[in-house]
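Novice: Got a predicted structure plus its sequence, pasted below:
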Amino acid sequence: MIRPARPADAEDERAVERAAGARFGEIGMPHVAAHEPMSADMLIGYALGGRSWVATDAVDRVVGYVIVDVVDGCAHIEQVSVRPADQGKGLGRALVARVERWAADEGFSAVTLTTFKDVSWNRPLYEHLGFTVLGDAELTPELLQIREEETRRGLDPGTRVCMRKQVGPTR
Ligand SMILES: CC(C)(COP(=O)(O)OP(=O)(O)OC[C@H]1O[C@@H](n2cnc3c(N)ncnc32)[C@H](O)[C@@H]1OP(=O)(O)O)[C@@H](O)C(=O)NCCC(=O)NCCS
């Protein structure tokens with residue numbers, strides 16, 4: 001089930017992200033695996049702002065979550081994570097679809113995100129969900145800022161891509 005996140009979900013969301021991120025350690029990216037999730041206070045802000053949804057199990061335990069920013073007039077997936085034991089069951093697709101619905105309802109034309117180009121469960125998965133890679137010339141000012149911030153955080157920009165999926169009329 002997908003429902004809006006509540007402030008009380010924040011620590012569970014952080015636990016999901018730590019567990020999901022561990023997968024990067026298995027493919028030689030320990031720095032990504034070790035990256036700490038954002039603070040509970042920030043996650044509470046997303047919940048209160050109506051820009052966060054969780055996937056839950058039968059007893060309402062959080063097993064996945066997604067948070068969204070508004071970037072250059074598009075809904076931008078800041079983070080999406082599903083607990084390893086629950087991956088491959090359609091929850092990632094459902095969380096992304098929830099964001100697409102929200103974006104369309106809010107009148108945004110597209111959903112964007114940044115991700116790893118060569119990690120199988122990143123770019124190829126999003127391509128499967130209908131996202132396309134943006135060329136450098138297509139990057140809007142705030143997307144460029146996000147790329148620069150990622151580089152400052154130690155991510156090699158050559159390994160990253162910005163992706164976009166149209167969900168409404170082009171403006
Ligand atoms: C990315 C992530 C959220 C996906 O969650 P998930 O619950 O496993 O995703 P789903 O089971 O809904 O799969 C989504 C779709 O992608 C497909 N898919 C899975 N792996 C794929 C791959 N390597 N290449 C192409 N498509 C893939 C699935 O088959 C599914 O398509 P379908 O619904 O048509 O069968 C999850 O893998 C995760 O938490 N990863 C670690 C954290 C992370 O990398 N987050 C993203 C940061 S940008």
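Specialist: Ah, there it is. Numbering: from 1, shown residues only.
Novice: which one is residue 81 nearest to, not counting chain neighbours?
Specialist: Using Cβ to Cβ, 6 or more residues apart in numbering and skipping the chain neighbours, the partner closest in space to residue 81 is residue 20 (4.0 Å). C-beta here means a position set from N, CA and C on the backbone, and glycine is covered the same way.
Novice: whoops, residue 32 was the one
Specialist: Taking Cβ to Cβ, 6+ apart, and ignoring the residues beside it in sequence, residue 32 has residue 24 as its nearest neighbour in space, at 4.0 Å.
Novice: Around the ligand, pick out the residues from the chain.
Specialist: Within the chain, the positions lying close to the ligand (Cβ under 6 Å from any ligand atom) are 20-21, 23, 80-82, 87-93, 113, 115, 120-122, 124-125, 128-129.
Novice: Pull out the buried residues from these.
Specialist: Restricting these to buried positions leaves 20-21, 23, 80-82, 87, 91-92, 113, 115, 121-122, with burial counted as 16 or more other Cβ atoms under 10 Å.
Novice: can you pull out the helices in the chain?
Specialist: Listed in chain order, the helices of the chain (DSSP state H) span residues 10-25, 30-33, 40-48, 91-106, 123-128, 141-152.
Novice: Give the other helices and strands that the first one contacts.
Specialist: Meaning helix 10-25. Applying 3 or more Cβ pairs under 8 Å, 6 or more residues apart in numbering; DSSP states H and E, we find helix 10-25 packed against helix 30-33, helix 40-48, strand 52-56, strand 62-71, strand 74-82.
Novice: which residues are in contact with it?
Specialist: Identification of contacts with helix 10-25 by Cβ atoms under 8 Å, 6 or more residues apart in numbering yields 5, 30, 32-38, 40-41, 43-44, 47, 52, 54, 61-65, 79, 81-84, 87, 119, 121.
Novice: Name the nearest residue to the residue of the chain at minimum distance from the ligand, sequence neighbours excluded.
Specialist: Per Cβ to the nearest ligand atom, residue 92 is where the chain lies closest to the ligand, at 2.2 Å. Once flanking residues are discounted, residue 92 sits nearest to residue 82: 5.2 Å by Cβ to Cβ, 6+ apart.
Novice: Next up, the contacts around the one you found.
Specialist: Residues in contact with residue 82 (Cβ under 8 Å, 6+ apart) are 16, 20, 55, 63, 64, 91, 92, 95.
Novice: who's it bridged to?
Specialist: For residue 82, the residues forming beta bridges with it (DSSP bridges) are residue 64.
Novice: State the distance from it to residue 15.
Specialist: With the distance defined as Cβ to Cβ, to the nearest Å, residue 82 ends up 12 Å from residue 15.
Novice: And residue 148, by the same measure?
Specialist: Applying Cβ to Cβ, the value for residue 148 to residue 15 is 30 Å.
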